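**Student:** predicted structure and sequence below. I'll ask about it afterward.
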Amino acid sequence: MHVRCCENQIHRIVDDDRRQHIGRYVHLAQIDIAIGATSTVYGVLFWEGVPWYLICEQPDDDYPRPHCSWLFDLIDAVIPNKWHLSLSEDSDVGRVALLPHEWASDARFLR
């Protein structure tokens, strides 16, 4: 999967509900991804029913971080065939996620 950043400043989101949803999880004024930049998606989390993409902000990042799907346009929606559905009450990423097999089988993979 691949996405393109269409917004990187939280205050520019017009819809109050969307801005508040993102604000519950993001405590910065903006994300460190340039508008127009494309990113590989390493997994998809679902927080309050909203997809969040696991993305590396910089090429040299050690691990991906969650970013709200509302900040991106989906440019390649093909789900990798080695991803698995993770349903876990005690997962670091929430109850529902689509993740690579190794991560899906480890509820604490982000630690």
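**Tutor:** Sure thing, it's come through.

**Student:** list the beta-bridge partners for Pro51.
**Tutor:** Note on Pro51: beta-bridge partners Phe46, judged by DSSP bridges.

**Student:** show me the contacts for it.
**Tutor:** If a contact means C-beta atoms under 8 Å, 6 or more residues apart in numbering, then Pro51 has 44-45, 69 as its contacts. No exception for glycine: its C-beta is placed from N, CA and C like everyone else's.

**Student:** list just the nearest of those to Glu7.
**Tutor:** Proximity of the contacts of Pro51 to Glu7 was ranked by C-beta to C-beta; the top entry is Ser69 with 11.2 Å.

**Student:** okay but that closest one is in contact with Trp52, surely?
**Tutor:** Yes. Ser69 lies in contact with Trp52 (C-beta atoms under 8 Å); the separation is 6.4 Å.

**Student:** more neighbours, these two?
**Tutor:** Trp52 (24 against 17; other C-beta atoms under 10 Å).

**Student:** so what's the more buried one up against?
**Tutor:** 25, 44-46, 66-69.

**Student:** report the two of those residues separated the most.
**Tutor:** Among the contacts of Trp52, Tyr25 and Val44 lie farthest apart (C-beta to C-beta), at 14.6 Å.

**Student:** which one of these two is surrounded by more residues?
**Tutor:** Each of Tyr25 and Val44 has its neighbours counted (other C-beta under 10 Å); Val44 has more, 19 against 14.

**Student:** give me phi/psi at the more buried one?
**Tutor:** The phi/psi pair for Val44 (degrees, to the nearest 10) reads phi -130, psi 130.

**Student:** thought it was touching Val96?
**Tutor:** No. The pair Val44 / Val96 is not scored as a contact, 9.2 Å apart, by C-beta under 8 Å.
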